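A.B. asks: fold the following, please.
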Amino acid sequence: MLRAAGSILYSLARPKFASPEIKFEDRFGFVVMPWHLDLNGHVNNAAYFGWANQARLVFLGRAGILRQLLRERSRPILRENVARYHRSLKAFDRFEIRTRLETDGNEDHRLIHEFFRGPDRVAVIESSARLLKSKGPSK
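C.D. replies: Okay, here's the model as predicted:
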């Protein structure tokens, strides 16, 4: 909960995108801490999804999408979360997540989170969601 609140506050402090319609890639940096590792010394899968969630909140906040969702009382419903791992991260590795939004023009939206350590792509998480629109106040 604190991570989500921190990510939203961080997104509000960063410059906004010029226009959400323009293709934009947001970058968000992290450092691997020892508590992110499993018994084999590799980053635990859950840590990747947690970082992707933080990057997603920052991206949506900077794009103005979070405000729009709140205004419309809509919420995204996660349909699929898929991870592909290419290389491993170790303790104290610095890396960044590059996030971009892809949409099919209908109801489906995909956020692509690419994890990079320097020039090397480490992992990719693709999150697919649909918006659930509020039907208004219940009577």
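A.B. asks: look at the spatially most central residue of the chain and tell me its secondary structure.
C.D. replies: The centroid of the chain falls nearest to residue 56 when counting by CA atoms, centre = their mean (2.2 Å). In three-state terms, and counting by DSSP: H, G, I helix; E, B strand; the rest coil, residue 56 is helix.
A.B. asks: measure it to residue 88 for me?
C.D. replies: According to CB to CB, to the nearest Å, residue 56 stands 23 Å off from residue 88. All C-beta spots, glycine's among them, are computed from the backbone N, C-alpha and C.
A.B. asks: cool, residue 99 as well?
C.D. replies: Counting by CB to CB, the gap from residue 99 to residue 88 is 21 Å.
A.B. asks: residue 119 too?
C.D. replies: Computed as CB to CB, the residue 119 to residue 88 distance reads 16 Å.
A.B. asks: can you tell me what sits against stretch 96-106?
C.D. replies: The contact list for stretch 96-106 (CB atoms under 8 Å, 6 or more residues apart in numbering) reads 23-30, 51-52, 55-56, 58-59, 63, 109-116.
A.B. asks: so which bits of stretch 80-100 are buried?
C.D. replies: 89, 93, 95-99 (16 or more other CB atoms under 10 Å).
A.B. asks: secondary structure and distance to residue 128 added to the residues you listed, as TSV?
C.D. replies: Formatted as TSV, these follow (DSSP: H, G, I helix; E, B strand; the rest coil; distance: CB to CB, whole Å):
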residue	secondary structure	distance to residue 128
89	coil	24
93	coil	28
95	strand	23
96	strand	22
97	strand	17
98	strand	18
99	strand	14
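A.B. asks: could those residues go into CSV alongside pLDDT and distance to residue 81?
C.D. replies: Formatted as CSV, those follow (pLDDT from 0 to 100; distance: CB to CB, whole Å):
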residue, pLDDT, distance to residue 81
89, 94, 19
93, 96, 23
95, 97, 19
96, 96, 20
97, 96, 14
98, 95, 17
99, 93, 14
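A.B. asks: many thanks, I have nothing further to ask.
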